[in-house]
Each structure stands twice: as structure tokens, then as C-alpha cells.
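Q: coords please:
(chains A and B)
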Amino acid sequence: MSTERDSETTFDEDSQPNDEVVPYSDDETEDELDDQGSAVEPEQNRVNREAEENQEPFRKECTWQVKANDRKYHGQPHFMNTKFFCIKKSKYAAIPQISTLAWYTTLVPLLLVLGVTAIKDLVDDVARHKMDKEINNRTCEVIKDGRFKVAKWKDIQVGDVIRLKKNDFVPADILLLSSSEPNSLCYVETAELDGETNLKFKMSLEITDQYLQREDTLATFDGLVECEEPNNRLDKFTGTLFWRNTRFPLDADKILLRGCVIRNTDFCHGLVIFAGADTKIMKNSGKTRFKRTKIDYLMNYMVYTIFVVLSLLSAGLAIGHAYWEAQVGNYSWYLYDGEDFTPSYRGFLNFWGYIIVLNTMVPISLYVSVEVIRLGQSHFINWDLQMYYAEKDTPAKARTTTLNEQLGQIHYIFSDKTGTLTQNIMTFKKCCINGQIYGDHRDASQHSHNKIEQVDFSWNTYADGKLAFYDHYLIEQIQSGKEPEVRQFFFLLAVCHTVMVDRTDGQLNYQAASPDEGALVNAARNFGFAFLARTQNTITISELGTERTYNVLAILDFNSDRKRMSIIVRTPEGNIRLYCKGADTVIYERLHRMNPTKQETQDALDIFANETLRTLCLCYKEIEEKEFAQWNKKFMAASVVSTNRDEALDKVYEEIEKDLILLGATAIEDKLQDGVPETISKLAKADIKIWVLTGDKKETAENIGFACELLTEDTTICYGEDINSLLHARMENQRNRGGVYAKFASPVQEPFFPPGGNRALIITGSWLNEILLEKKTKRSKILKLKFPRTEEERRMRTQSKRRLEAKKEQRQKNFVDLACECSAVICCRVTPKQKAMVVDLVKRYKKAITLAIGDGANDVNMIKTAHIGVGISGQEGMQAVMSSDYSFAQFRYLQRLLLVHGRWSYIRMCKFLRYFFYKNFAFTLVHFWYSFFNGYSAQTAYEDWFITLYNVLYSSLPVLLMGLLDQDVSDKLSLRFPGLYIVGQRDLLFNYKRFFVSLLHGVLTSMILFFIPLGAYLQTVGQDGEAPSDYQSFAVTIASALVITVNFQIGLDTSYWTFVNAFSIFGSIALYFGIMFDFHSAGIHVLFPSIFQFTGTASNALRQPYIWLTIILTVAVCLLPVVAIRFLSMTIWPSESDKIQKHRKRLKAEEQWQRRQQVFRRGVSSRRSAYAFSHQRGYADLISSGRSIRKKRSPLDAIVADGTAEYRRTGDS
Amino acid sequence: MTWSATARGAHQPDNTAFTQQRLPAWQPLLSASIALPLFFCAGLAFIGLGLGLYYSSNGIKELEYDYTGDSGTGNCSVCAAADQGRAPPPPCSCAWNFSLPELFQGPVYLYYELTNFYQNNRRYGVSRDDEQLSGLPSALRHPVNECAPYQLSAAGLPIAPCGAIANSLFNDSFSLWHQRLPGGLYVEVPLDRSGIAWWTDYHVKFRNPPLVNGSLALAFQGTAPPPNWRRPVYELSPDPNNTGFINQDFVVWMRTAALPTFRKLYARIRQGNYSAGLPRGAYRVNITYNYPVRAFGGHKLLIFSSISWMGGKNPFLGIAYLVVGSLCILTGFVMLIVYIRYQDQDDDDEE
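A: Reported below is the predicted structural model:
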């Protein structure tokens, strides 16, 4: 197979990177090899090595054994995901000397926090279980007790023989034994694995095809498979089947991988080789890591900071207490407590007392509040109708509820191409025949697409009616037959391809190696040239209703060097013709000198290219009988050459493909998803860089880059070799400059490119490996190095290893620096693992927040690696979605997710955190100030119940609602001004500075809250002469002022006042007074005299106007400066958001905001031609291999019902 | 978007104002038209309030006397000299003589003030048993541990009332004598000492234990008085409504002060001839000097004070209001200037 050849060339160390192949060398890098070696003792290793060397290389890899129909032979790990949570009971230490707060003050909030967390975890767990259950409970048929029985996926075990039907997902990696198709072919779609939607075929061994068709034979099948251990190489498999005392070699062509979908095959049978977590796709999906946001980390550090502050304050106050005890306390006879502690010991006890009193500084409820807010924001994402894709009934889904605010901080987006940017639907759009362009709308006066009538294909019985074409003139041309080239053109399309056809219920189904080819054949069919059938050497075409069969003399198949394919047919009249289609560059070199339409076609190609259509040139030539006979001899000779057959064939092909006559060109649209260019330009304006990582070919990727406006005409494109030289130069520089300064030199990086200009980087996977030194080193070298015999050698080895490591790191860093200077980066031909590696590089060296978006299983690794993974859902595959954090149906929803939801979430979270720290400091530090007036005795400034309920009831709801509902500017304006997004990327709204400002705000507020009531209480007495200057009234005054202040403060912070906000703010204050009056009432005192000690305080204190005046003044002094500062800073240094808010009304008036029209400004000279956008070559091998394609098929029920019928024998061999 | 046109999908989210985050909302902007009037109005209002408070506070008359008895400060120094060490010191009497040139506008309140006395000390503040004080017989027998070391007497009897606060009950007493005419007789001025505690304290928080055979003394049988007390709690006053836990002096004392310097109400003067205040003339306060404060550097003061709508004399709040009000207006002007300057610039930007 071609893949084998490809991998060989990649593994060859000295070869130039090959742009065409997907490298797999990254599967086994040096690190891994080293790791394997270092795990074992050297002594033992030497023995092992010798033993290994003696063995044949094949055997040592095959350590995995699977016995068919024998479950005991192997166990299969289940992939259930269970999470246990336990509530730790915190014992509240009740040491009398220390316990300064009643037990409930900390226990109640703690229990509440734990309760909410537990509920949330429970809900999450249930959801996850449901998901697992859904997958685990998918069904397929498994042989049990000699019969096929329906079993659930989770019950499938290694060694089972299973039957899969059409359109089933393959549940495990299985060895194909037989299928309903001739020769036990089986078509699979691998979109889940590599993103390619074209069909691939797998073929079973002859022996299993022959003997394992019936249920009874399958049930008694007892073959033993020896193969490699589970690994992540999708296209490699080595193993042997040992059956009936014979060994049969197995390769990747006989393996159906998990995640594939069976297509066009009624049923197939297979033996489970790897199941569950051992499957290749699972091995490829990388580790699931627990993702946390930047703010999470920041928050943790801040909590540590607060802990430090807490201990410092407590220590300071403890010292104060010791001093006070020595100065005052010891002489105060009324304080005598019967203990003979020294002042310093009392100070020590008070240290712990203050730790407890001030513990509210550390926000216990912070974490749970953050979780609640994120949960709510996730629901808003789920609910968003503007991210709901009605066509597929797919709403957006936040699958992880803990990352929302990170969406507002994205710097880099890594996008998959197929299925993410594009719909992966190829449609025939235009063509140029004989210099005349067809496919445009003829009626120039009409501009709207909707009004133009589509071409009616109903005259053609074979038309599938799905092709949308607008040029009626072309149909007239075909039907009139005035220009023979037009018919010739479509005839070529119908005949020159390697598509296979499948007729069910009179419907033609084409199976093409690439979607392009399928689109072309399909177009020909719609235009009246339907490809009906093919055999090994004939092809039947319906030409405008008349069926004609042609002899196929040779198929000159496509490969990536030739970039063209040809077919030589003999018409029924006996003429021999060669039809060829291919990339314009290669075709133009081979044209006959006399081609009148050369220039016109060239112009047409340029026009097509400007419209980002993918073009192919079509041509033909007549061949003399004699000439063909001559050539055919060479061809036959080359076909049987044993070495370098491909090269020999290529040479022979070259001889006949010349002096071609140009027919025209086709233009195929690789349809982008809706709104992709707009989304990309929006995101670019928000300073987000977009990298496209795709397994596709370079040309395709480049095309798409242009189509989605990632690349524009004035972009300078750099390729792998360009930047390799740049990087080499840089490395040289660094080495020269290095030495002494290396360690001290500040990492001032001069840019790689001169400033200005628009640069893009297009790099292939092989170049990536080359540049990043990820190439696989030859095993022998490693072995030599692996077992150092002397101390010297060992030292040398570690040193060289370290040097290598440093070099590698330097290169990686340089590469990332370079790539980040480019406005767009496209990586093509990359493996899933490389995708993840690229993401990781940027993550590591740029310290930027990354987002990966993809739809296929090949994106899973990348999605898991990035800070945020987004899966495109609604496609058939679920792998990407399952491992993603967010999923939705269309790429364009990304702009809403980031610019609206992300930004809002970020702003809300930042506001929330700032306020939360502020509110807790304002609350707690009052104790600190009070301690100066109570002998540092850890006396609280509030009632215990107030401390208990402050964070839970009196101040939590408004801030939670702000965290959920606040929006500074509306979603429309957020989308319209992407520049608003930048605050998040730069961490402007929450960082250490902001944190300390919040703390300072809290500290100042607490000072005001304490000192103004202090002044008011210095001497005074109540209105009626009774003492209001008692401790309890004082506590109530401060508490009331505090509750009003913090609730008004959140009112100031709220920029989007809904009735819920208003209700919660005033409700919190009302709740405070309500609860306080209840707790201070006579009734509750009678019931619990020692728990509610503040009896009568509220009513007595708050009846005094003096105290109300104190509260009003305190609140005013707390809030008015905030208002003034906000006003001044808004006037003097207005932020982007301020400005927009200010002009909100005017902006709203500009209802008619015109979207920027898509402008294609591609230059005239450029052209992009590409062909067969697949990793694989066509089906020519299969077609010409002689295996019959038109064979009678047995229906499935015949096999099931009549197990004894010897149906297989009726077919030909 | 086309969701409204087509039939609803099974997974289609609801189109409500809440789910689509389109709740009707007021988006206040801190614009000049809000901020500037706010500051000017607040400033004016505060200045007005400040003036009112200041003059009310100034209108209150106070007469205070430090009778701690530091050497050379009056005749209480004898007692003070005798007051060494811990309570109880030997009883001692002294007097404070003063004269009023004019009527001391009533109603007049008599306070005592203690300084440097940390009633708000945590250790001190928790040393009480609210259950016991609310008259629960079980708590009477078994005071809580917080009361230690005033939980049980040396003999092992439960102390009632227990705890450090009760034990340190202020036990100086005063009587006021008025000499109408120079050289005349001193007439005792009636001190109304009945309503000096909060209604809730006297009626709810502090209750005597149920009487045994109609006798309070029997109810307290088996308990010991706090060590510093000379009399058991049921003998604090001969008046049955003012003895035991509901003795008003005791209740006032038990309402601990917020700050180390505090005043507590001793009596009102509002009876008989003195309902309008203290007429001019000479006065003498006879002080029974019991309470030791010099050990911890405290002071004891006696204060006669009148009262206004806002309570006792305290100029702080009035001044604070005046300052804040003026600052508001000042800030308002600064904001106005800044606003005018930047407003112009802003307009320029836009054009």
C-alpha cells in the first residue's frame, strides 16, 4: 500500500521533509525511547538486548494475543467514569481559650458551601454517567453460544466475533473477517479518525473471506491473532493470524478501527483485537487533563496571599495582645480568669483566636460562588438561540462548566479545516469549455441569488437533482450539440476517474476516493453523461440517454507527484483515446503546441482561482493503434517490474501523456461554512490569532486559507524551507552570542521579519518535525548510547542529552516566536499528535490562552491539550464533541462564544472577584480596627449570627446575580466592536494590581465603617438617656452600615440593572433588617436565651435618630469617593467600553449597519489548482487488480436464515 | 436567524428574555447629569444636618467631676489612698461640692463614667450566663463554664450571678443634696433610679428565678454571691421589683460597653421640684467610694448632663457632617471643572 511506502520515506532520517505525507515519526520520539530504556537496569538490559537482537524483529513486536471466541483469553477494561466525592467533616476545635466565635459562625457557611458543591458534583456526575451509558449501551451483534446476539458495546470483549451493519459505528478495533461484499471488501468512512469523508476500503484475508461467511463457521472460528501492543498509530498494524496451522500476515488494511463508520456494505464480520481504552483512537486522544482557568490560578494565589495577610495580622495582633496584657490586662483585677498565663502565652493563644475571628477574610464561599456563576453562564451558552443551529437542531453546549471566563481571554485559536471551516461538501460550480466560461448567471440585471432559477435537470433520468446550477446556456449547448467539445468535456468527466458505482433501487451511488472526484462525476451525471458501471476493463456510460460501453485499455492513476490521472479507452467505433485531467501546472506542460483556447482557459483558471474555486484542467488526445500497441508493450513490461515499479510506471505514463488537446477546466467549490470569513476577520480584529491545523494537503490548505480570508493577496507566504533557514540563522546567532551571556541575556527578541507587512506561514507536518528536531533517531544509535559502560561515557551521554534538550527547547521557542509574528499560520499534513504538540508549544512558550476547535477524532488530542477545546457538533462523529469543553454546530458561532459570552463571562467574573475580595475585607477588617480598642482580645465587632449569615444571606445574592446577568454593552455592540475583547486578553480587569486595589478599597471601607461609629459612640448616650454606647448597639450600627454599604456598592458596580438585581439588592438589605429584628426579639430569647444574646438591641438602637445619622454618614463616606473616582476616571481616561456605552443611543440609531462585503482581491497572476485531495491514491489498483466488482451479492437474511446453504460457492472464485 | 420561522426543534432553546439575556434593564451611566447634582445636593444636605447636629450638641449642658481621687484632686483622694489592691476595699465616703449659678435645664441625668475599663474585652465579655440571668432554675444551679473562675464558689456552690461581669459590678453609690440658700439646709434631691435600664433588658433578658414559697431568698438558696459582692443578689435592693437579677444597676452594668471609656446611667432627676432641672444653688454629691480603679489606671467620673433629640453631648457627628458636606461640594466643583474640560475635548474627538 501507498501508506507503507510513505512511512518508510518519513522514517528515513536523511530525507528532505516530504510535504505530501503525514509523518508519524512523532509517535516515538527520543524521549520515549529513552524512557523505555532507563526503566530497566543496564545489566539486565544488556542481556535483553542480546536476546532481542537474536530474535526476528517481527516477533518481538507481537506480544498482544487475541484468541477468537475465547473471552477468558483476555479481559477488557471498561470505560466507566465514576467519581466519588466525600464530605470531609471538619471538626471545629473547641478549645476554650481560643474559641472566639460560636461554633455555628463557621460551620453554617461551611456546610452550605459543601452542600452546594456536593449537589453540583452530583448533577455533573449524573450527566456524565448518562453520557457514558449512552455510548456503552449502543448495540451490535456478538457471537455468544454459537449464535449472533445483540449485545451492548460495553460487553464487547477482546476476542469476540461481531457483526456490523451498514452505517454502524465500529465499536472497537477489529480484524475484518468477511463481509457481504465480494472478496469481503468493506467500505469505511474515517471522518472520525482523520477528518476525511471519502470512503476507504478494507479487504479481509482470502482465507477468512472463503470460510468465515456463515454464522456457524464464525462461531467455531478459533484463530489466534498475534499482533503489536495497543498503540496510537492509526495507519500501521502488524500481526499474524494463526489458523488451521498456517500463519497469515495481517496489516492495517484488514483492520477496522474504532470510530469508523461502515458504509455501502450491508454487513461485515470482525474479530475484536483491541477494545475500550486500547483502541487506537483512544490511544490517540491524549490524556484527559483537568483544565483550570487562568483566573483559577490567580485566585488561588490570591487566596494564599490572603492567608499570609491573615497570619501576619493575627501575629501582629497577638503581639499587641501580649503587650497589652503586660501593660494593662495584668493589672485589671476585673479580668482575672483564674489562669496563670504569662502575657506572651496569652498572646500566643490570641494568635489562634484572631486566626478564627479573621478567617472570614479568606472567602470560603468564594469557590462555590464562582462555580455557581460559571454554571449559570454555561446555561446561558446552552440557551443561546443565536448559537442554535436549526437545520440540525443542535444547540450550543457548554460541556465543561468551569472555563467560561477563559473564553474572554483567548489569544490563539487552532482550527481544524475539514468539517470545521469547510462543510466538506464539494460542488461543481463552474467550468470553462473551449475557452468559454459557463456557470455564471447570464442575466446581468439580477443580483440576488434567490431570484435566479436553477437549471432544471428533469429531462435527465439519471440526475440526482441536488446540483444547483444557474447557467441555462450550458444545457442548451449540451442538448443542441453544436459544440462537440461541450459533450466531450462531460464525457471526459464521466469516463476519466476511479470512482466506483453502486446501484441500489435504481439509484446510482458513487464511491469516490476524493470528494472532488465524486463531485465531478456527479456533475457529469447531472449533465447527461452518467457513469453507470465498470468492470475490470470496461466502463459503461449513458450519453444523453444512450448507453455505451467502452473498453478501458489503461488507467494511469493519480499520485501526488503526477498530479493528474488519465484513462485510455477504445470507443465502440474502435478509436483509441486518452482522457486526462489534472492540475493546470502539469497539464499545461504537456499540451500540444496548437491549442487555440490555451489563453482563454488560462484566463478562466485565474478567474476561478480568484473565486477560491478549485480547478482542474481537462484534455484528451487521439492515439493511433500502432502507437498504442507500442506503448502498451512498455506499459505491460513496467507493470511487472519487481523493483521501483511505481517509478517505472510513471516514466511510461509520461511518454503517452503529451501533445494533449485542451478541453477546458472545471471549478469546484469546497464549500466553506457560513460566515467563516466574517468570523475570522472579526476574531482577527479582536487580536486573536488563528492557526489552521489540518491533515490535508498543502494546496488545499492554502486554498482554504484564501477562501476564508485568512490569507489575502498582500500576504507574504512563508513555507517550511524559508523559515527553516531563518531559524538556522537565528540559532547560529544565538550560539555565537551565547556562551557567557546566554544565561544572563535578557530574552530580548529581535523580530524575525522586518516590521510591517502581512505574513503568513504555511508549514507541513514533516517540516515541523524537521524544525523542531522531533525526528526519530535511528534505533541503533540509541542503543549504542543507551548502555554507557564507563562513568565517563555516562557523563558524556547525560551532557549531550542535556545539550540536545536545550537546543531543542531553543528551537521550539524560536519557532513559536517566529510563527507568532505571522498573522496567520497554516499547518498541513499534521497528525493528531502534532496538532496537540503545536498547541502545546504555543501554550508553553507564549503563555497565552489557546483555544482549539475541531470536529473529528483527529482533533481530540488538540482539543484536550488547548486551554479550551471546542467541538463542532451535529456532524456524525461525536469524538471531538465528547472531549471538548464547548460544542456547537457551526464555526461562525465561535465569534459569539468568544466575543459575547466569553467577554461577558470574563467581565462578570472579574467584577465578581474584585467585589468579593472587597466585601470580605470590608467586613473582616473591622475586627482588626476594633481590636485596638478592646485590648487585642479577639473580640468580634459583630454579633455571631451576623458573621454567620453575612456571606450567606446578606451580601451574596446581589453579587451572584451581577456575576450572572451583568453586561456592560449589549451583545450586538460586543460583536460590532471586537476591540472590546482585548481587555480580557491582557488581563486588564483582574490581576494582582486590581486585587490589591480591591483589598485597599476593602481596608479603607472597613476603616470608615469602624471609625465613624467610633467617633459617634465616644461619649454619647441615647435619646432617652439610656446607654446606647454599649457593645451590642455598636455592633448593630456597624453591621447595618456595612450591609447597606456593600449592597449599594454592588449597585454601583452593576451596569445592567434588571428587576432581579434591584430586588436582590434591596431584598438583601431588607432581609438583614428582618432577620436581625427576629433574632433580637423577645420571643426567640425566651426560647434560646444563650444562643440569641442580642435581645432588644436592634429595636433599642435603631430607634435612635443619632444612630441612623451615623449609619447614613458612614455609608455616604464609603460610597461618595467611589462615585467621584469613577466619574473622574471615566471622564479623563474613558475605556473603550465606556465610550461605547456613552454613545449607546447614537449607536442604536445606526440600525442599518452594513456588514463589510466580502471582497476578493486576489491578484490576476495567481492560480491554484489541485486534485484529489486525499491522502490516498485512487481505486485504480483495485479496479485493475482483477478482483471482480460486479458480483452478485447475497442478501443478509439469506445468511442468517439459511446457515447451511452453501451460498458462497455459487459465486465465482 | 430563522428559528422563528420554522417549526421548533426538539433541542431548541427557549426564546425568553431571560435565556437570551435580554431582560429589560436599566443601564445607569455615571454621567455628569447624575453625579454632579448628587454631590451638590448631598453636600448641602450634609452641611444642613451637620449644623443641626452641631448646635444640638453644643446646646447640651454637661457637668462632670473626676472623683477617682488622684492625690490632690479633692476629698476622694483619702478613699483612693485606701483603695489598694483588689476589691472589696474598705468602704469610704467622700463628697463632691459644686454650685450652679443658674438653672441646669432638665431633665437632668446622672451618669458615672469609667475610663480604661475594658468591658469589651473578649474574655470578660463572655463571662456570663444568659440562661441563668433569664431565670432558668437549671442554669442557676449549673452556671456555664464561661463563668469560670466565677462559676463555683470556694465551697463549691454555684455562683449567682456567675461570671466576671457580675463579679465586677460597679458598687459606688451617690446621693445628691441641694442647698437652696447659702448656709441653708441640704435637701436630698430625689434620684429616680427605676427606669435606667432598657425595657427589653428589664422585662425580657433578665428575670428572677421562680420564687420559692414567695421568697426570692429561698429561690437563691444554695447559691453563693460573687466573691466581690458584700450582699447576695436578692438583697441588692429592698424593693422586690428591683432586686435579684432585675436590679436596675445590675442590668445596666451587665450591658457591657463598646469602648474602654464608657458612661452608664445612674439616675434621672425628674421628680418633685426638680422636674424642670436643677435650680441654681449649691449642691453636694455624697459618694460611697467602693470601686477600685487605680490599679489599672482607670478613672471614675460623675456627670450631670441634659439630653437633646440626638442624645448626649458629642460634637463629633456634627463636625463630621460639616466636613463631609463641604468636601462633597468641593469635589463637586472639581468634577464640574474636569467635566467641562474633557467634555470639550471629547467633542473635538468626535468631530
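
Q: Helices of the stretch 1001-1150 of chain A, residue ranges please.
A: Per DSSP state H, counting those that start in this stretch, the stretch 1001-1150 of chain A has helices spanning A:1031-1053, A:1059-1079, A:1082-1087, A:1097-1101, A:1105-1132, A:1136-1142, A:1144-1149. These are given in chain order.

Q: Could you take these and lay them out as TSV, with extra columns for mean pLDDT and mean neighbour count?
A: (Glycine included, C-beta is placed from N, CA and C.) Listed next are the helices of the stretch 1001-1150 of chain A as TSV, based on pLDDT from 0 to 100; neighbours: other CB atoms under 10 Å in any protein chain shown:
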stretch	mean pLDDT	mean neighbour count
helix A:1031-1053	94	24
helix A:1059-1079	94	17
helix A:1082-1087	87	14
helix A:1097-1101	88	24
helix A:1105-1132	92	20
helix A:1136-1142	82	18
helix A:1144-1149	73	12
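
Q: would you list these in CSV and tack on distance to chain B?
A: Formatted as CSV, the helices of the stretch 1001-1150 of chain A follow (distance: least, CB to the nearest CB, whole Å):
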stretch, distance to chain B
helix A:1031-1053, 4
helix A:1059-1079, 7
helix A:1082-1087, 4
helix A:1097-1101, 5
helix A:1105-1132, 4
helix A:1136-1142, 6
helix A:1144-1149, 7
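
Q: can I get those in TSV with distance to A:Asn814?
A: Output for the helices of the stretch 1001-1150 of chain A, formatted as TSV (distance: least, CB to CB, whole Å):
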stretch	distance to A:Asn814
helix A:1031-1053	44
helix A:1059-1079	51
helix A:1082-1087	72
helix A:1097-1101	69
helix A:1105-1132	41
helix A:1136-1142	34
helix A:1144-1149	44
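
Q: right, so of the ones you listed, which gets closest to B:Tyr289?
A: B:Tyr289 sits nearest to helix A:1031-1053 of all the helices of the stretch 1001-1150 of chain A, at 26.9 Å, using CB to CB.

Q: packing partners for the closest one?
A: For helix A:1031-1053, the packing partners by 3 or more CB pairs under 8 Å, 6 or more residues apart in numbering or on different chains; DSSP states H and E come out as helix A:903-931, helix A:957-965, helix A:992-1017, helix A:1059-1079, helix A:1097-1101, helix A:1105-1132.

Q: Show me what the shortest one is packed up against.
A: Helices and strands in packing contact with helix A:1097-1101 are listed as helix A:1031-1053, helix A:1059-1079, helix B:199-200; criterion 3+ CB pairs under 8 Å, 6+ apart.

Q: sorry, back to before: the helices and strands packed on helix A:1031-1053: which one's closest to A:Lys1148?
A: Among the helices and strands packed on helix A:1031-1053, the nearest to A:Lys1148 by CB to CB is helix A:903-931 (18.6 Å).

Q: Just checking, which helix or strand succeeds that closest one along the chain?
A: Next helix or strand after helix A:903-931 toward the C-terminus (DSSP states H and E): helix A:944-949.

Q: Can you show me the CA trace of that next one as PDB?
A: Provided in PDB are the C-alpha atoms of helix A:944-949 (Å, rounded to 0.1, in the frame of the first residue of the first chain):
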ATOM      1  CA  ASP A 944     -22.000  35.900  65.900                       C
ATOM      2  CA  TRP A 945     -25.200  35.400  63.900                       C
ATOM      3  CA  PHE A 946     -24.300  38.300  61.700                       C
ATOM      4  CA  ILE A 947     -20.900  36.800  61.000                       C
ATOM      5  CA  THR A 948     -22.600  33.500  60.200                       C
ATOM      6  CA  LEU A 949     -25.100  35.000  57.800                       C
END
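
Q: what's that helix packed up against?
A: helix A:103-136, helix A:1059-1079.

Q: A:Ala1124 is in contact with B:Leu38, correct?
A: No: with contact defined as CB atoms under 8 Å, B:Leu38 and A:Ala1124 do not form a contacting pair (9.7 Å).

Q: list the contacts for residue 226?
A: You didn't say which chain, so I picked chain A. Applying CB atoms under 8 Å, 6 or more residues apart in numbering or on different chains, we find A:Glu226 in contact with A:62-65, A:239-240, A:242.

Q: Hmm, no, I was thinking of chain B.
A: Counting by CB under 8 Å, 6+ apart, B:Pro226 touches B:150, B:159, B:161-163, B:166-167, B:169.

Q: swap in A:Ala524?
A: A:490-491, A:493-494, A:530-531.

Q: low pLDDT regions in the stretch 201-350 of chain B?
A: B:344-350 (pLDDT under 70).

Q: what's the neighbour count on B:Leu44?
A: Neighbour count for B:Leu44, taken as other CB atoms under 10 Å in any protein chain shown: 14.

Q: measure B:Gly183 to B:Phe104 for me?
A: For B:Gly183, the distance to B:Phe104 equals 21 Å [CB to CB, to the nearest Å].

Q: between these two, who's got more neighbours?
A: B:Phe104 (21 against 6).

Q: Now the more buried one: closest residue in space that isn't a chain neighbour?
A: Using CB to CB, 6 or more residues apart in numbering or on different chains and skipping the chain neighbours, the partner closest in space to B:Phe104 is B:Leu278 (3.9 Å).

Q: one step back: out of the helices and strands packed on helix A:1097-1101, flag the one nearest A:Asp125.
A: If we rank those by CB to CB, the stretch that ends up nearest is helix A:1059-1079, at 29.7 Å.
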